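S.K.: Okay, predicted coordinates and the sequence, questions at the end:
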Amino acid sequence: MKTASEYRLEAREALRGSWGLAIGITVVFAIITGALSSTFAGLIILGGAFYVGISITFVNLFRRGTLQFSDLFSGFSAVEFTATIGVYVKTLLFTWLWSLLFVIPGIIKGFGYSMAPYILADHPGITGGEALALSTELMAGKKWNLFCLLLSFIGWDILSIFTLGILQLWITPWKYAATANFYESIKDQVYIPGEATSQTTEV
């Protein structure tokens, strides 16, 4: 498996020439999800589709070498809409339930479920529950690697404080790209029932 620095470097290189669009997509995503969070029902119903959409957006950065703004909304068309709701609701519910045992188990469970939006995007015929189960299987033994990858941005996050958060405009899409790169490197390590191999084409 690659190191955190390798994932970050490859993500930064993939974003070269696309930073403006990446920032724009990330800002729109934040505005939409922020607005949805004002109404719990709206977040539950639509949140999952947008999280699948942001996953598709940055996975396709590596698969076709470019970003497309329209990918942000592909969670409503490229996959079964009810499955996006299932992934989102069950992730929130199960992570919360595990957090009741203390914070750490909830964090671990969250990392276990983190690849579900990507899996659902690659295999739109599966249910939300199946995507979560496959993510748990895929992340077995890899949760620490993803944690270290995200933790490796802490220096940039601290520096962002001194820019009144403005630097997050660059850091956040970089994190999305690095996480998508992480998924790309491990996606074929899980068996999808009914499929010979995981899809490797653009979603």
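M.R.: Looks like it arrived, so ask away.
S.K.: Show me what counts as buried in whichever strand or helix holds Ile44.
M.R.: Counting by DSSP states H and E, the element that carries Ile44 is helix 40-64. By neighbour count with 16 or more other C-beta atoms under 10 Å, helix 40-64 contains the buried residues 43, 45-62. For every residue, glycine as well, the C-beta is placed using N, CA and C.
S.K.: go on, stretch 112-125?
M.R.: 112-124.
S.K.: List the neighbours of the helix or strand bottoming out on mean pLDDT in the chain that are in contact with it.
M.R.: Using mean pLDDT, DSSP states H and E, helix 81-99 stands out as the lowest-scoring helix or strand of the chain, at a mean of 81. With contacts defined as C-beta atoms under 8 Å, 6 or more residues apart in numbering, helix 81-99 is touched by 44-45, 47-49, 51-52, 75, 105-110, 113, 116-117, 120, 124, 126-129, 131-132.
S.K.: One more: stretch 7-15?
M.R.: 2, 22, 61-62, 65, 149, 152-153, 173-174, 177-178, 180-182, 185.
S.K.: and the residues you listed, which are buried?
M.R.: Using 16+ other C-beta under 10 Å, the buried ones in the contacts of stretch 7-15 are 22, 61-62, 149, 152-153, 173-174, 177-178, 180-182, 185.
S.K.: Now for Lys109: which residues touch it?
M.R.: 94-95, 98-99.
S.K.: And for the residue nearest the centre of the chain, nearest residue in space, chain neighbours not counted?
M.R.: The C-alpha lying nearest the average C-alpha coordinate of the chain belongs to Ser55 (C-alpha atoms, centre = their mean; 4.6 Å). In this structure, Ser55 finds its nearest non-sequential neighbour in Pro117, 4.1 Å apart by C-beta to C-beta, 6 or more residues apart in numbering.
S.K.: what's downstream of the helix or strand hosting the one you found, the next helix or strand?
M.R.: If you go by DSSP H and E, Pro117 is part of helix 116-122. Using DSSP H and E, the helix or strand that follows helix 116-122 in sequence is helix 128-138.
S.K.: Let me know the outermost residue of this protein.
M.R.: Here the centre of the chain is the reference, and by C-alpha atoms, centre = their mean the most remote residue is Phe162, at 26.9 Å.
S.K.: What's the per-residue pLDDT of that one here?
M.R.: Phe162 is assigned 96 on the pLDDT scale.
S.K.: What distance do you get for it to Met139?
M.R.: Separation of Phe162 from Met139 (C-beta to C-beta, to the nearest Å): 34 Å.
S.K.: Lys187 now?
M.R.: Applying C-beta to C-beta to Lys187 and Met139 gives a distance of 11 Å.
S.K.: more neighbours, the two?
M.R.: Met139 (23 against 19; other C-beta atoms under 10 Å).
S.K.: Pretty sure that one sits against Gly110.
M.R.: No: counting by C-beta atoms under 8 Å, Met139 does not reach Gly110; the two are 10.2 Å apart.
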